[in-house]
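S.K.: Here is a sequence together with a model predicted from it:
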Amino acid sequence: MNVVARVAVSAARRAYDCYRYYFYWRAQEKMYRRWSSEQLKAAQWETFRRLLGFAYERIPFYQDKFSKAGVTPEGIRTPEDLLRIPVLTKDEIRQNFPDRLVEGNRRFHPFQIGQTSGSTGESLHFVRPETGWHRTIGYSVLLRTGRVANIPVVSLTTPQCTAASCSLHDQEGAHGVGLGKCQKVWFLRHLDQVVELPSSESILCAPSRYMEQLVGVISYLAPCILYGDPVYLGSLALYLKKARKPIPEVRCIVTSFELLTGSLRDRLRDVFGCDVYTQYGASEVSDIANECEHHRLHVRANIVMVEAIRHGVPAKPGEIGRAVVTDLENYNMPLIRYDIGDLIEVGNGPCPCGRNTDVIEQVHGRARDVITPAGADKGRALTPLQVDEVFRGLGGIAAYRLVQRSENQYDITIMRDGLPDNFDSRTLEGRCRAMFGQGSHFNITSVDEIKPERSKKYRFVYSQVSAGAV
């Protein structure tokens, strides 16, 4: 097959995918807007009941787990009965994967076997449903554009996570951007929609040559949508600001893979001059919620069920609870009431956007990273999103790390941004005392680099004492 024929075939395949995602997105959006909240919940419950019956009949792990808890599908009649079903933990998945978590002796193609990055602890394996991130990213983009194959999407994230998978494949040493066949042809480049930029082992200290390469691709594909890890995109924004480079035209930014803090959202808006949204998901569950034009996260009600559990009971609107999710589409390896390790804040009331799904007001970060200040009321915990408010708006900071060493002792590491703004440690310490207590002590130091975790994601806030219960 000659070059022209290969390009034509590639263009046809991409166009088919674009239209397929568009019609899927349009049908989903019509449902979320036209169905009432009660209709959506009723349909969601029926889908959940079918998944529950399948797991009870065919998955050895759930047969044993439900038997010990005295649970049968017939006994789970209303959403209020959900609390009778024991929560699925990450340790249980590690201990029972794969034999007891899949049906019989089923075998799966290697691309269906995923592995988490380990950002909430030790990594684990799972089996993907028939759908995955390829549809998720299309959904997020169509929410921002509403058009088919309109704007290229440039993705930048960790070496372990890509827009299509989270499988710990090795990208170390990648120095080039592999533009697809269609992207090299100017009038076809919008069909080959997603370009994955090469990752960095330490994005906060990536060399200028690497950053220039990223900027070059974004400029070539502009106007585009940026999709990726907010820490990686924030580092790119800081480089553009420091180097005084022309800012490529970006229609909007969609973040995923890691927590979007207020300070990172501010930086991205300031540098790129566009709005910033987040898509909430997980490697194991894919798409959980998408942010609308009013910056509220709408749960994908027909493909996932989300609970926020606080001290063992459902959290009320405005409260923060542990995210417990059920993937309603994954019959390959059912995940029923799965504690994914995140904290979410429950939303309340209808959204002006017109969608009638449940709303997550904010994602607050990982449950294992909460901080309990000395003398705090029982159960009070500060989440990474709340702690970020201490640093939000302070000049001179490229990145930070706050570690609680004891009940009233904190180490704060500051990585300076190299810009003319002077870093004000007195203001920072005053803010910290207001949040953590007047009797707290803060050891503030400056460093040249803050290194990522083994997962290549960043852990900016955590405690070395017992974390507050949520």
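M.R.: Right, received. Where do you want to start? Numbers count the residues shown, from 1 in each chain.

S.K.: S200 is in what secondary structure piece?
M.R.: Secondary structure assignment for S200, by DSSP states H and E: no helix or strand.

S.K.: okay but it is in contact with Q213, surely?
M.R.: No: S200 is beyond contact range of Q213, at 10.6 Å (criterion: C-beta atoms under 8 Å). Any C-beta I mention is one placed from the backbone N, CA and C, and that applies to glycine too.

S.K.: From the neighbour counts alone, determine which of these two ranks first.
M.R.: S200 (23 against 17; other C-beta atoms under 10 Å).

S.K.: picking that back up, find the residues that touch each one of S200 and Q213.
M.R.: By C-beta atoms under 8 Å, 6 or more residues apart in numbering, S200 and Q213 have no common neighbours.

S.K.: hey, C-alpha coordinates of stretch 240-249 in PDB?
M.R.: The C-alpha trace of stretch 240-249 is given here as PDB (Å, rounded to 0.1, in the frame of the first residue of the first chain):
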ATOM      1  CA  LEU A 240       6.300  29.700  28.900                       C
ATOM      2  CA  LYS A 241       6.000  32.400  31.500                       C
ATOM      3  CA  LYS A 242       9.700  32.300  32.500                       C
ATOM      4  CA  ALA A 243      11.000  32.000  28.900                       C
ATOM      5  CA  ARG A 244       8.700  34.700  27.600                       C
ATOM      6  CA  LYS A 245       7.700  32.500  24.800                       C
ATOM      7  CA  PRO A 246       4.700  33.300  22.600                       C
ATOM      8  CA  ILE A 247       1.700  31.500  24.000                       C
ATOM      9  CA  PRO A 248       0.200  28.900  21.600                       C
ATOM     10  CA  GLU A 249      -3.500  29.300  21.000                       C
END
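
S.K.: Contacts for it next, please.
M.R.: 208, 211, 215, 218-219, 222-224, 239, 270-273, 417-419.

S.K.: before we move on, what about stretch 280-288?
M.R.: In contact with stretch 280-288 (C-beta under 8 Å, 6+ apart) are residues 114-117, 124, 126, 128-129, 131-133, 135-136, 139, 161, 166, 256, 279, 289-291, 297, 299-300, 303-304, 306, 323, 325, 327, 330, 335, 338, 340, 342, 360, 363.

S.K.: Identify, from the contacts of stretch 240-249, the entry nearest to E429.
M.R.: Of all the contacts of stretch 240-249, E429 sits closest to D417, with 19.0 Å by C-beta to C-beta.

S.K.: Report the contact partners of the closest one.
M.R.: L238, K242, G396, I397, A398.

S.K.: And the furthest pair within the residues you listed?
M.R.: Across the contacts of D417, the longest distance by C-beta to C-beta is 13.1 Å; it joins K242 and I397.

S.K.: More neighbours: the two, which one.
M.R.: Using other C-beta under 10 Å as the criterion, K242 and I397 rank with I397 on top: 20 against 14.

S.K.: right, and that one touches R416 too?
M.R.: Yes: using C-beta under 8 Å, I397 makes contact with R416 at a distance of 7.0 Å.

S.K.: Now do the shared contacts for the two.
M.R.: F423.

S.K.: residue ranges of the helices in the chain, please?
M.R.: Ranges of helices in the chain, per DSSP state H, are 3-34, 37-58, 60-69, 90-96, 133-145, 208-221, 230-243, 262-272, 384-388, 425-436.

S.K.: what would those look like in TSV with distance to G312?
M.R.: Output for the helices of the chain, formatted as TSV (distance: least, C-beta to C-beta, whole Å):
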stretch	distance to G312
helix 3-34	30
helix 37-58	20
helix 60-69	14
helix 90-96	18
helix 133-145	31
helix 208-221	45
helix 230-243	31
helix 262-272	30
helix 384-388	22
helix 425-436	27
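
S.K.: and P350, which of those is closest to it?
M.R.: Judging these by C-beta to C-beta, what sits closest to P350 is helix 37-58, at 8.1 Å.

S.K.: For the closest one, buried residues please.
M.R.: For helix 37-58, a neighbour-count test (16 or more other C-beta atoms under 10 Å) marks L40, K41, Q44, T47, F48, L51, L52, F54, A55, Y56 as buried.

S.K.: tilt between that helix and helix 3-34?
M.R.: If you take axes from the mean of the first three to the mean of the last three C-alpha atoms, to 10 degrees, helix 37-58 sits at 110 degrees to helix 3-34.

S.K.: what's helix 37-58 packed up against?
M.R.: helix 60-69 (3 or more C-beta pairs under 8 Å, 6 or more residues apart in numbering; DSSP states H and E).

S.K.: avg pLDDT for the helix it packs on?
M.R.: Averaged over helix 60-69, pLDDT sits at 95.

S.K.: which parts of that helix are buried?
M.R.: Those would be F61, Y62, K65, F66, for helix 60-69 by 16+ other C-beta under 10 Å.

S.K.: Ok, stretch 89-101 next?
M.R.: In terms of neighbour count (16+ other C-beta under 10 Å), stretch 89-101 has its buried residues at K90, E92, I93, N96, F97, L101.

S.K.: Could you give the separation of stretch 61-69 from the chain centroid?
M.R.: Chain-centre distance of stretch 61-69: 30 Å, with C-alpha atoms, centre = their mean, to the nearest Å.
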